[in-house]
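A.B. asks: next come a sequence and a model predicted from it.
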Amino acid sequence: MSKSKFQILVLISVAIILTIIAVILINRRYQTVIVDIPKFEHQAPAPLVKHNDKTQNDGIISKSKIINPKTSILLPVPFTPQAPTGNWDILHNEACEEADAYMAGAYFKFPEAQLPAPGTLIAPEDFEKALAILTKWQDEHFGYHLDTTSAETAQMIEGYFALRTRMIENFTANDIKKELSAGNLVVISENGRKLGNPFYKQPGPIHHMLLIKGYDTNGNFITNDSGTKRGLNYFYTFGVLYSAAADWNHEKNTVDQNKKIAIVVGNWP
């Protein structure tokens, strides 16, 4: 064997060895963290439906490639649908903002140790009392309560629950992931009809808000979606959330699909 061929074989061997060592070190550094998502009796399996080019089954939407699939988090935010007694009148049909605000307020006001388990269910009577208080607060400060913008919803969360909020325009998946990892919650205004949730009263709400509380190892975002009683731990991909994101426009009396705003909620100093 010539000297040049021998040198090439040596270089190839060294490259293979270094590659194997790198793979081992990466796997040790980024270990998979599994989140055990609790199941509740009311959370029935979802039928197979289409989300554009995505597929959903049992409430879980296909894998997103945007988020690192080896990390996950689930904040134990208590859940309530916006119509917990099944009374979908005008008030409750538009009560997603109040439901999200109340879930966030309940989460930050009560230490985690006082929550029996992740996904604690809020008693219907407790939310109904809160809904009356929050609608009155909005009427006094805005002059209305049925549809509010992201900025107005943030103002309600700060004004009534004394929490902190900030807005992220044209948010990314990593923006949401970063906030959740810091212990904050995220509320996003959506065109509900573009979310494709089969449990909504069809064709779905033109304006809806949902609360994001985590993400799983497949890159799906975990929400408390108050638009359905099956909204506890409901999964959406980032693509679906961002595509449907739309803030309310009072002048046009409908959602503005060009305004994609995430409300970050927390209790930082």
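C.D. replies: Everything's here; your move.
A.B. asks: excluding its backbone neighbours, what's nearest the residue nearest the centre of the chain?
C.D. replies: Relative to the mean C-alpha position of the chain, the nearest C-alpha, by C-alpha atoms, centre = their mean, is the one of residue 212, at 2.0 Å. Computed as C-beta to C-beta, 6 or more residues apart in numbering, the closest residue to residue 212 that is not its neighbour in sequence is residue 186, at 4.3 Å. Where C-beta positions appear, they are placed from N, C-alpha and C, glycine not excepted.
A.B. asks: those strands in the stretch 101-250 of the chain, which residues are they?
C.D. replies: Using DSSP state E, counting those that start in this stretch, the strands of the stretch 101-250 of the chain run over 164-169, 185-190, 208-215, 221-224, 232-236, 247-249.
A.B. asks: returning to what we had before: tally up the residues packed near the residue nearest to residue 212, please.
C.D. replies: Residues contacting residue 186 under the criterion other C-beta atoms under 10 Å number 25.
A.B. asks: so it touches residue 261, yeah?
C.D. replies: No - judged on C-beta atoms under 8 Å, residue 186 makes no contact with residue 261 at a distance of 10.6 Å.
A.B. asks: hang on, the earlier thing: ok, the residue nearest to the centre of the chain - contacts?
C.D. replies: With contact set as C-beta atoms under 8 Å, 6 or more residues apart in numbering, residue 212 has these partners: 176, 180, 185-188, 221-223, 241.
A.B. asks: and for the spatially closest residue to residue 94 that is not a sequence neighbour, the neighbour number?
C.D. replies: Nearest residue to residue 94, sequence neighbours excluded (C-beta to C-beta, 6+ apart): residue 146, at 4.4 Å. Residues near residue 146, counting by other C-beta under 10 Å, number 13.
A.B. asks: now the one 4 residues further on
C.D. replies: The number of residues packed around residue 150, counting by other C-beta under 10 Å, is 23.
A.B. asks: which residues does the closest residue to it other than its chain neighbours bridge with?
C.D. replies: Computed as C-beta to C-beta, 6+ apart, the closest residue to residue 150 that is not its neighbour in sequence is residue 261, at 4.4 Å. Beta bridges link residue 261 to residue 169 when assigned by DSSP bridges.
A.B. asks: quick check: residue 261 touching residue 189?
C.D. replies: Yes - the pair residue 261 and residue 189 qualifies as a contact (C-beta under 8 Å) at a distance of 6.5 Å.
A.B. asks: now do the shared contacts for these two.
C.D. replies: 150, 245, 247.
A.B. asks: buried members of the contacts of residue 212 into ChimeraX, please.
C.D. replies: If you want just the buried ones from the contacts of residue 212 in ChimeraX, going by 16 or more other C-beta atoms under 10 Å, the selection is:
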select :176,180,185,186,187,188,221,222,223,241
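A.B. asks: distance to residue 266 and pLDDT for the contacts of residue 212 - can I get that in CSV?
C.D. replies: What follows is these, written out as CSV (distance: C-beta to C-beta, whole Å; pLDDT from 0 to 100):
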residue, distance to residue 266, pLDDT
176, 13, 96
180, 10, 96
185, 7, 98
186, 10, 98
187, 11, 98
188, 15, 98
221, 17, 97
222, 18, 96
223, 17, 97
241, 20, 97
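A.B. asks: can you list the weak-confidence ranges in the chain?
C.D. replies: 1-11, 14-15, 18-70, 110-119 (pLDDT under 70).
A.B. asks: ranges for the helices of it?
C.D. replies: For the chain, applying DSSP state H gives helices covering 3-29, 90-93, 96-109, 124-141, 150-161, 173-181, 238-244.
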